[in-house]
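Novice: Here's my sequence, what's the structure:
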Amino acid sequence: MELIEEPILYNDPLLRILVRSFHSAAICQHGWHVHPELEIIAVRSGRMEIHTPAEVYHLRAGDVLILGSREPHLDLRRPGEVVDYVVIQFELDAFLDSNMLPFLYLFQESLLPLTKLNLLFRDNPELRQQFYSTVLELQQEHEQKQRGYEMAINYLVKKCLFLLTRHENRGLLEHNRPVNYAKLKLIFDYVEAHLSTKITVEQACLLVNFSYTYFLKYFKQTMGMTFTDYVIHRRIKYAERLLLTEDLSIAQIAEQVGLPNLSHFYKLFRRVHHCSPKSFKEAIIARANVTVL
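Specialist: Modelled structure (predicted):
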């Protein structure tokens, strides 16, 4: 089986999401392919098949499907049959702000292949309908791009996650692992309070009374990312806010978010947004001006 690595090119520097609508009679779109992003498919009319190595999903109008990160899949339709459907692809952690991060572990691919969550749609028609409606609303917001649509999309992505969390009654998201939210909050608060200064694993360990090795393992297992990656994530989010709200040079922003090495700051920013901080700011301002007009 030849597996194609499908690149996901976001068209919005703030929203790490790709939303597409298809009205197609093609028999096969991409062949077997894979991408790091989570994918959601909602069929508006027609029929299609989604093949994974473990299962074949037969989708009709009103059906939704979740494909986890790096889940190999193939989409097929009957020859000549037109299928109208929506595809949403996004990075999960990009939509989880600090107050939602304790829930990130629920959707870790290492603990649960997210494709298994499709069992919830089969067992719960009400959930399937609510989830389907939410996906279509998200697609409409993205297509119409009315003022504030970014907030709407952020909310609707979180609503999808909320619906799965609220209606999950099969124990799929439990993972049989207790999570100490009080200790996590101590860590989150420490990071937020020191984004402009030095943040160390040693200090985080002291806050929660964990050994160095256990803390790193605990954080990675709980959050699905390393402590270092989490700190970088929060620093870049802070940089985004400064770029759009303060009249500061890039060097000043890098210093204020605790990344005084300018080349290192550029490297980390590009890793997240695939563009420079200046390009990021210009794209946001340009889009805001078009929206107001």
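Novice: Could you use CA atoms for every contact and neighbour count after this?
Specialist: Will do.
Novice: Export stretch 216-235 to CSV, keeping only CA atoms.
Specialist: What follows is stretch 216-235, C-alpha atoms only, in CSV (Å, rounded to 0.1, in the frame of the first residue of the first chain):
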residue,chain,number,x,y,z
LEU,A,216,8.6,14.8,33.1
LYS,A,217,7.0,11.4,32.6
TYR,A,218,3.8,12.5,34.4
PHE,A,219,3.5,15.7,32.4
LYS,A,220,4.0,13.9,29.1
GLN,A,221,1.6,11.1,29.9
THR,A,222,-1.1,13.5,31.2
MET,A,223,-0.8,16.3,28.6
GLY,A,224,0.3,14.5,25.5
MET,A,225,3.3,16.9,25.1
THR,A,226,6.5,17.5,26.9
PHE,A,227,6.8,20.2,29.5
THR,A,228,9.3,22.0,27.2
ASP,A,229,6.8,22.0,24.3
TYR,A,230,4.1,23.2,26.6
VAL,A,231,6.2,26.2,27.7
ILE,A,232,7.1,27.0,24.1
HIS,A,233,3.4,26.8,23.2
ARG,A,234,2.5,29.3,25.9
ARG,A,235,5.3,31.6,25.0
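Novice: Can you give the distance of that stretch from its chain's centre?
Specialist: Averaged C-alpha coordinates place stretch 216-235 at 15 Å from its chain's average position (Cα atoms, centre = their mean, to the nearest Å).
Novice: Adjust the sequence numbering to begin at 878 for everything that follows.
Specialist: Yes, from this point I'll number from 878; that puts the last item at stretch 1093-1112.
Novice: tell me which residues of that stretch are tucked away?
Specialist: Across stretch 1093-1112, burial judged by 16 or more other Cα atoms under 10 Å covers 1093, 1095-1104, 1107-1112.
Novice: how close does the residue of the chain most remote from its centre get to residue 1031?
Specialist: Ranking residues of the chain by C-alpha distance from their mean position (Cα atoms, centre = their mean) puts residue 957 at the top, at 34.1 Å. Distance, residue 957 to residue 1031, using Cα to Cα, to the nearest Å: 36 Å.
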